[in-house]
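Asks: For reference, the sequence and a predicted model appear below.
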Amino acid sequence: MSIDLRLLGCFRLSAEGQPIDVAPASARVLAYLGIKQGEAERSTVAHVLWPDAGRARSLGNLRSALWRLPAGCKSAVRERASCVALHPRVRCDVESLLDGLSTPIRYDEAVALGWSRELLPGWYDDWVVAERERFSLRRAGVFERLSALCGRAGLDTDAVLYAALAIATEPLRESAHQVLLRAHVAQGNLFEARRHFLHLEEVLAQELGVAPSEHSVAIVRHLDQPRRPRASVG
Amino acid sequence: MGYAIRLLGHWSLDRSDGPSVAVRRPVARLLAYLALQGGVQQRGLVAGNLWPDVCDHRASSNLRSTLWHARTEVAGVVAGDTSTVWLHRDITVDVDDAVIAARALLAGTPSSSARHLDALFEDLLPEWDEEWLCSPRFLHRQLRLQALDRAIACDLAEHRLPAALDLARRLARYEPLRESTHRLLATALVMAGDRHEARHVVADFERRSLALVGLAPSPRLAEVV
């Protein structure tokens, strides 16, 4: 039976494509395990999810949350004496996104998969806020890689859009701006490239007090080299 | 009573039965913010974004009074509870339609069957100076321009020349320094048998680009003709 865990956009657990109601405490455990990927110590999970309860109490809460997983989904969590993990069979969208990518995925497919949506919107536990920030940075890196992969495959449109997504969510990552500059140049939109470079200069100066790296400058340097105009049309 | 929020080109709040509703600026800012974020938003987050230069206490009090004004000026648009605020679900937002249109074009829908195509020629609240607008505005602009270029290219690939020429000319007028669009326009003209006009487009673009921003076009432009 296929079990899907969606954490991007509204939380959703589904089995064989059918959404399943999950008690809030159980949902939090699933979300935590989906984000962390791999095994987690019970005591760690318990402490993060129930930071105000004592050790015994929080471990009890964890046990109870796992016990309350709906009948069809008990197998979603693999339990051992001291560790818990999502069962490898569970497909989690966060994991799919963060997995190493070697082939380009089309931009509209990524959007359809929900990859540009916020992680667990409306969840405001401290641990979720922290994980959301970490995830955002890692996702920006994935979008940058996808932009470069698409660029190399001649998918210029997708390259620009992935780069734009990376920048929109993490505007201070210079690497994201670099992939955008390259993508604009690849499309021949040199004015757009230069204008964006000037914007990058401004943002870095204002927010970080630094100038663009030599790497960024190199992408646009050739734009300002004077070229003789073609002879006019006769 | 449904309302429609317009964010593309300029702000407007319209009743479904016609007339525009004037609201005070703080209310407009709140509605625009919620329309863009979508869903249910935490009060603290909304207040912090709308009033970044004052302390939390002041910002949250500003939000409270703005919500009060919103509910008195236009009932049924915004709602909230002790910790969150949101737009009523029957409020339509033009950006949502524009994004759907852009994605349809990117997926290959012919431009002639795309709904809300006109919406793709406008930027998000271009005259508003708000920090929280910067990223969405940037993203939307890239999305709509890529979608329009892709629509022209698809029309060309399927030999829908009148549609391609129409769209290319229109976008080129709006974006006089966008080489990709002018390259597509020149290609469309060549395919339509008008190489002479295509050369003019190329030469004009080169002149304009050099004169206005001191940039020579990429070699790809000249290759079209």
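Replies: Ah, there it is.

Asks: now the spatially closest residue to B:L161 that is not a sequence neighbour: how far from chain A?
Replies: Excluding its sequence neighbours, the residue lying closest to B:L161 (Cβ to Cβ, 6 or more residues apart in numbering or on different chains) is B:A192, at 5.1 Å. No exception for glycine: its C-beta is placed from N, CA and C like everyone else's. The gap separating B:A192 from chain A is 18 Å, by Cβ to the nearest Cβ, to the nearest Å.

Asks: my guess is B:A192 meets B:R160, correct?
Replies: No - the criterion here is Cβ atoms under 8 Å, and B:A192 misses it with B:R160 at 11.3 Å.

Asks: tell me which element residue 48 falls in.
Replies: Assuming you mean chain A. helix A:42-49 (DSSP states H and E).

Asks: should've been chain B
Replies: Going by DSSP H and E, B:G48 is in helix B:43-50.

Asks: for B:R137, same thing?
Replies: helix B:131-157.

Asks: Up against chain B, what does chain A have?
Replies: Counting by Cβ under 8 Å from any Cβ of the partner chain, chain A comes close to chain B at A:107-108, A:111, A:121-122, A:124, A:157, A:160-161, A:164-165, A:167-169, A:171, A:185, A:187-192, A:194, A:223-224, A:226-227, A:229-230, A:232-233.

Asks: Please point out which parts of the helix ranked longest in chain A sit buried.
Replies: Scanning chain A for the helix with the most residues, using DSSP state H, yields helix A:126-152. Using 16 or more other Cβ atoms under 10 Å in any protein chain shown as the test for burial, helix A:126-152 gives A:127-128, A:131-132, A:135, A:139-151.

Asks: just checking, what packs against the helix holding B:R137?
Replies: Helix B:131-157 is packed against helix A:156-169, helix B:25-37, helix B:43-50, helix B:94-106, helix B:161-174, helix B:179-191, with contacts defined by 3 or more Cβ pairs under 8 Å, 6 or more residues apart in numbering or on different chains; DSSP states H and E.

Asks: ok, and the closest non-adjacent residue to the residue positioned nearest the centre of chain A?
Replies: For chain A, the residue sitting closest to the mean C-alpha position, by Cα atoms, centre = their mean, is A:R139 at 2.7 Å. With sequence-adjacent residues excluded and distances taken as Cβ to Cβ, 6+ apart, A:R139 is closest to A:L97, at 6.5 Å.

Asks: name the element the one you found belongs to?
Replies: helix A:93-98.

Asks: Other residues contacting that helix?
Replies: Applying Cβ atoms under 8 Å, 6 or more residues apart in numbering or on different chains, the external contacts of helix A:93-98 come out as A:4-8, A:34-35, A:37, A:113-115, A:119, A:135, A:138-139, A:142.

Asks: Which of the residues you listed fall within strands?
Replies: Those of the contacts of helix A:93-98 mapping onto strands are A:D4, A:L5, A:R6, per DSSP state E.

Asks: For the residues you listed, pick the one with the most neighbours.
Replies: Neighbour counts for the ones in strands among the contacts of helix A:93-98 (other Cβ atoms under 10 Å in any protein chain shown) peak at A:L5, which has 23 neighbours.

Asks: That one reaches A:R91, doesn't it?
Replies: Yes - contact criterion Cβ under 8 Å: A:L5 and A:R91 qualify, at 7.0 Å.
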